[in-house]
Structure formats: structure tokens, C-alpha cells
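1. Generate coordinates for the sequence data below:
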Amino acid sequence: MEQVVKRKETLSVKMMSNIAMFMALQIVLELAFKIIPGQPQGGSITLALLPILLASYLLGAKAGLIVGIGSCALQFALGMAVYFGPWSVALDYLIPLAVVGIAVIFKNIKMGKYTLYTGIIITMILKFISHYLSGAWLFAEYAPEGVNSWVYSFGYNIIYCLPTLIISYIAFIVIYPRLEKIFHK
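-> Numbers count the residues shown, from 1 in each chain. Below is the predicted model:
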């Protein structure tokens, strides 16, 4: 009879330090971008997702997921999160931040000397979908008279999700190659 040996996975001190650094950077950027006015029911243009994306690509999907979920927990612990019940917690915070952390699992597309980081685009679309569902299901009463809640939610969320995708992607392609050299020495 063959004995199955389970391998215990542990995080190294270096990995834990890197995770903590990216979580702290996410919180700092979240606070820094509070100067830009946000949407009335939440959501704003921000670079605060950049550390989660960087963690995913530099440390792997597991670490990126930990950074995303950990950043979510920190926002609640520090009183930065505004939520309206458990579905709001899941759809506005937990799912969007966690999904951004797994960006690295999607295959990049090489185009000559340039790389298209499809994981960033895909996970930001998934993040948008989570906010979109939240808006249509949880915030339907904010839709103007006669406007379908799904249409309202799409318009409301695209206003900040699309610019956040664009600035996060641009910042990523500027910063990532420099950090990749340092992290993968």
C-alpha cells in the first residue's frame, strides 16, 4: 500500500515581508487617491490596485490573492470601507480585490518587443462586473426615475472602472519591468 505524503507549504519570511509591503502600499495609495472626488455611492479613479497587480506578477497568484484579500481586510480594520451589508462587502470589496490578485494566471501576449498583459485587462473587467452586479442589485433605488437599474449601474461603474484600468495598466507597464529585474535576481 502506497503512503501519500502531504507536503506542507509555508511562506518564507521574505515572501511574507513582500506581501505586507504590497498590502501597505495598497492602503497608502487608497488613502492618497481620496483627494480625487469619488462617486456618490462609492467608487473612484485610483492607482490603489497597482500594488495588488504587481504582487500577482512579481510574487505569483497565491501571493497576489493574499495581498488582495489582506488589503480588503485592512480597509475594514482601518475604517476605510463603506458597505451596505454582506453582499456589498462581497461584491464591492472582497471579490474585486481578490480577483485582481490572480491577474498573473492569464497568459500574456507578446507583440514584438511589447507585451500585452491580458491578466490586468481580464481581472479589471471581472472587477467591473462585480461592481456592476452590486450596483444593479443593491443600489437600484439610486437609479433615476424611469432608468433601468442595469443600465444605471453600467454607466455609474464604467465612469471610474475604465479610467482606473487605463491608469493602472500604464503605471504597471512603466514600473513592472524595473521591479521584475530586482525581484527575480
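2. only C-alpha atoms for contact and neighbour calcs from this point on.
-> Fine.
3. Next, report how far the lowest-mean-pLDDT helix or strand in the chain is displaced from the centre of its chain.
-> Using mean pLDDT, DSSP states H and E, helix 86-89 stands out as the lowest-scoring helix or strand of the chain, at a mean of 87. Centre-to-centre, helix 86-89 and its host chain are 16 Å apart (C-alpha atoms, centre = their mean, to the nearest Å).
4. what's downstream of that helix, the next helix or strand?
-> helix 95-100 (DSSP states H and E).
5. Give the other helices and strands that the helix or strand that contains residue 171 contacts.
-> Taking DSSP H and E as the definition, residue 171 sits inside helix 149-183. Helix 149-183 is packed against helix 50-59, helix 118-138, with contacts defined by 3 or more C-alpha pairs under 8 Å, 6 or more residues apart in numbering; DSSP states H and E.
6. now the shortest one and helix 149-183, what's the angle there?
-> Inter-element angle recorded for helix 50-59 and helix 149-183: 50 degrees (by axes from the mean of the first three to the mean of the last three C-alpha atoms, to 10 degrees).
7. which outside residues touch helix 50-59?
-> Residues external to helix 50-59 that are found in contact with it (C-alpha atoms under 8 Å, 6 or more residues apart in numbering): 15, 19, 22-23, 25-26, 62-65, 67-68, 97, 100-104, 120, 168, 171-172, 176, 179-180, 183.
8. Quick check on the residues you listed: which are buried?
-> 19, 22-23, 25-26, 63-65, 67-68, 97, 100-104, 120, 168, 172, 176 (16 or more other C-alpha atoms under 10 Å).
9. show me where pLDDT drops low in this structure?
-> Residue ranges of the chain with pLDDT under 70: 1-9, 37-42, 185.
10. repeat that with 50
-> Across the chain, no stretch falls below the confidence threshold (pLDDT under 50).
11. Residue 133 is in contact with residue 91, correct?
-> Yes. Applying C-alpha atoms under 8 Å, one finds residue 91 in contact with residue 133, separated by 7.4 Å.
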